[in-house]
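Participant: Compute the structure for the input listed below.
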Amino acid sequence: MIVHAYFTNGFYGWAKIFVESFKYTNGEDIQIRLESRDLTEEQMDELTSLHKNLIIYNHPLDKEWLAKRAGISVNELQVHKKQIEKVHVTDKSKIWKLMIAADDRVKSIREALHRYKDSKHTYILHCDIDLYFRSDITELMNLVRSNDISFRFRLNSKENRKIMIGVEGLHIKKSILFLDRWIKYIDDVKPPNRPLGYGQTSCYYAYRDLKNKFKWGDIPQKFVSPHMRPNDIIWSANTTKGKTENLQICRKDFKRLKNER
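Facilitator: Next comes the predicted model:
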């Protein structure tokens, strides 16, 4: 099992608590692979010092190319990037999220699948970076290992909410076909024309096409909860309070958790 996450440099604070809390609750035997964008050498050194089994693949962001692709100025792109990383997505800033979280991130997952397809590892557990692990996730990993592909399904919801993509379990070899189909749907729509939630919508389209080809696992909400409830195993920052405030909440709870044990 490989734990995989993707983030841009503005989520560095979240990357730290992601790694620290995972180590505290699940140890260091499981390899963590982080795909990062625009980190400094000092930041990478600090992250690797937090977990003995951590690998970072860091690449620069070509902001001029991204701005051109989005049809906006570099300054406007920077404003949207900061909005997403510090607060939450808005109708204006969604263009950044749809190019990064719903495009570059998904392609980084496919890259990881190809990188590990001939290795000893069988599964990847992909997670949002703005997650905080509050206890052992053996139950989640067992669910992932029992299926080909696992998501949190909400198939009775509207189209952009049918599949939540914050935590994903993927059989490395089998799910490459699924990632290829998902990315095809992403690439079919140019970034300025993508509606909010298109990362999840395109994932649902791929599921709809291939639902009979795989064994699907349904991840319980306690493993990707935005409610920050005492019994939830993983807290997600996807709430209206904003990323910075939620990071402070998780840091405070993590300190309390360590003091009580």
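
Participant: what's the lengthiest strand in the chain in contact with?
Facilitator: Using DSSP state E, we find that the single longest strand of the chain is strand 163-171. With contacts defined as Cβ atoms under 8 Å, 6 or more residues apart in numbering, strand 163-171 is touched by 109, 113, 122-128, 131, 140, 143-144, 147-155, 178-179, 199-200, 203-204, 207, 217, 219, 223-224, 234, 236, 238. Bear in mind the C-beta positions are built from the backbone N, C-alpha and C, glycine included.

Participant: and that strand, which strands flank it?
Facilitator: Here strand 163-171 has these sheet partners by DSSP bridges: strand 123-128 (antiparallel), strand 149-153 (antiparallel).

Participant: which stretches of the stretch 51-200 of the chain form helices?
Facilitator: Counting by DSSP state H, counting those that start in this stretch, the stretch 51-200 of the chain has helices at residues 63-70, 74-86, 94-99, 105-116, 138-145, 176-187, 198-210.

Participant: Just put those helices in JSON lines and tack on mean neighbour count, mean pLDDT and distance to Ile32.
Facilitator: Formatted as JSON lines, the helices of the stretch 51-200 of the chain follow (neighbours: other Cβ atoms under 10 Å; pLDDT from 0 to 100; distance: least, Cβ to Cβ, whole Å):
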{"stretch": "helix 63-70", "mean neighbour count": "15", "mean pLDDT": "95", "distance to Ile32": "26"}
{"stretch": "helix 74-86", "mean neighbour count": "17", "mean pLDDT": "94", "distance to Ile32": "21"}
{"stretch": "helix 94-99", "mean neighbour count": "23", "mean pLDDT": "93", "distance to Ile32": "23"}
{"stretch": "helix 105-116", "mean neighbour count": "19", "mean pLDDT": "96", "distance to Ile32": "12"}
{"stretch": "helix 138-145", "mean neighbour count": "16", "mean pLDDT": "98", "distance to Ile32": "13"}
{"stretch": "helix 176-187", "mean neighbour count": "18", "mean pLDDT": "98", "distance to Ile32": "20"}
{"stretch": "helix 198-210", "mean neighbour count": "20", "mean pLDDT": "97", "distance to Ile32": "22"}
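
Participant: quick one, which of the ones you listed is nearest to Pro230?
Facilitator: helix 138-145 (17.2 Å; Cβ to Cβ).

Participant: What lies in contact with the closest one?
Facilitator: Taking Cβ under 8 Å, 6+ apart as the rule, helix 138-145 contacts 1, 122-123, 125, 150, 167, 169-170, 217, 219, 223, 233.
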